[in-house]
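A.B. asks: Can you look at this prediction? I've put the sequence above it.
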Amino acid sequence: MNGVVFDFNGTLFRDSAYHETAWHTFIAQETDRVVTKEEFEHHVHGVNNHGALEYIFNKKLDKKTADELAERKEKIYRDMVVALDSGNELVDGAEEFLDFLTNHNIPVNIATASMKNNVDFYFDFFKLERWFDYDKVVYNDGNVPSKPAPDFYLLGAEKIKCPPEKVVVFEDSVAGIRSAFNAKVGAIWGVSTDGNNKMLLQSGVLAGVIDDYHDNRIYEQF
């Protein structure tokens, strides 16, 4: 394989629970809805904020309104991450794996449904410039169709000058896996979140599922 593209949330940073808590806090503040775990998995987790908000509010939202609502939710989330005493580090083994890819001149990128303000936060908080080129990162700027459309991964591969079929993708969500599959990437690895290995494997399109980046199987591809 010639390149690697990571989703970020839940894949390099195990923050699904923080996002879910932030969403619940936001939803309680803004609506009278209760969103189930299953609804989160299929309509919020891995989906860009605009799409998730339209599902939550059950109506179309213009970009300005959606961006304002999304930033309220993301501010709750970012404040929560900064306040944590632990659990606000990259997934075990991620730094070593990223060092390995960098040392072997394997181009890497991020394709995330996060907004720019969150990407800025991640680069600052985790010092991501050690491995990633900020200008190549694909994020939710309102112009990229939401996962499971293939665009995030097609763009992520294009920006590191790799054909999709030569790219390995790491994902943790149903929507993200479908996006990578729709982009016809070379291999997709699932990254488990809250013991969802079985659910990820049910997609039938994964090279495998890892619990962290110490798994030797992911090194064997390069």
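C.D. replies: Okay, I see it.

A.B. asks: And stretch 211-218, what's buried?
C.D. replies: 213, 215, 218 (16 or more other Cβ atoms under 10 Å). Where you see a C-beta, it was placed from the backbone N, CA and C, and this is true even at glycine.

A.B. asks: For the longest strand seen in the chain, name the packing helices and strands.
C.D. replies: If you go by DSSP state E, the chain has its longest strand at strand 108-115. When contacts are defined as 3 or more Cβ pairs under 8 Å, 6 or more residues apart in numbering; DSSP states H and E, strand 108-115 sits against strand 3-6, helix 63-83, helix 94-103, helix 116-126, strand 138-140, helix 151-158.

A.B. asks: Could you dump those into TSV with mean pLDDT, distance to Lys37 and mean neighbour count added?
C.D. replies: Formatted as TSV, the helices and strands packed on strand 108-115 follow (pLDDT from 0 to 100; distance: least, Cβ to Cβ, whole Å; neighbours: other Cβ atoms under 10 Å):
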stretch	mean pLDDT	distance to Lys37	mean neighbour count
strand 3-6	98	24	26
helix 63-83	94	18	16
helix 94-103	98	26	16
helix 116-126	95	23	17
strand 138-140	94	23	22
helix 151-158	98	24	24
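
A.B. asks: what about the ones you listed, which gets the closest to Arg14?
C.D. replies: helix 94-103 (9.7 Å; Cβ to Cβ).

A.B. asks: mind listing what the nearest residue to Asp211 once chain neighbours are set aside touches?
C.D. replies: In space, and not counting its chain neighbours, Asp211 is closest to Ser192: 5.1 Å by Cβ to Cβ, 6 or more residues apart in numbering. Taking Cβ atoms under 8 Å, 6 or more residues apart in numbering as the criterion, Ser192 is in contact with 172, 200, 209-211.

A.B. asks: same thing but 10 Å
C.D. replies: Taking Cβ atoms under 10 Å, 6 or more residues apart in numbering, we find Ser192 in contact with 10, 14, 91, 172, 198-201, 209-212.

A.B. asks: Please tell me how far it sits from Gln221.
C.D. replies: According to Cβ to Cβ, to the nearest Å, Ser192 and Gln221 sit 18 Å apart.

A.B. asks: what helix or strand is the residue located most distally from the centre of the chain on?
C.D. replies: Farthest-out residue of the chain from its mean C-alpha position, per Cα atoms, centre = their mean: Asp32, at 27.5 Å. Following DSSP states H and E, there is no helix or strand that holds Asp32.

A.B. asks: just to revisit the earlier point, scan the contacts of Ser192 and report the most crowded one.
C.D. replies: Asp172 (27 neighbours; other Cβ atoms under 10 Å).

A.B. asks: Distance check, the nearest residue to that one once chain neighbours are set aside against Ala17.
C.D. replies: Spatially, and ignoring its direct neighbours in sequence, Asp172 is nearest to Gly10 (3.8 Å; Cβ to Cβ, 6+ apart). To Ala17, Gly10 is 9 Å away according to Cβ to Cβ.

A.B. asks: any residues in contact with both of these two?
C.D. replies: Taking Cβ under 10 Å, 6+ apart as the contact rule, Gly10 and Ala17 both touch 193-194.

A.B. asks: pLDDT below threshold where in the protein?
C.D. replies: 46 (pLDDT under 70).
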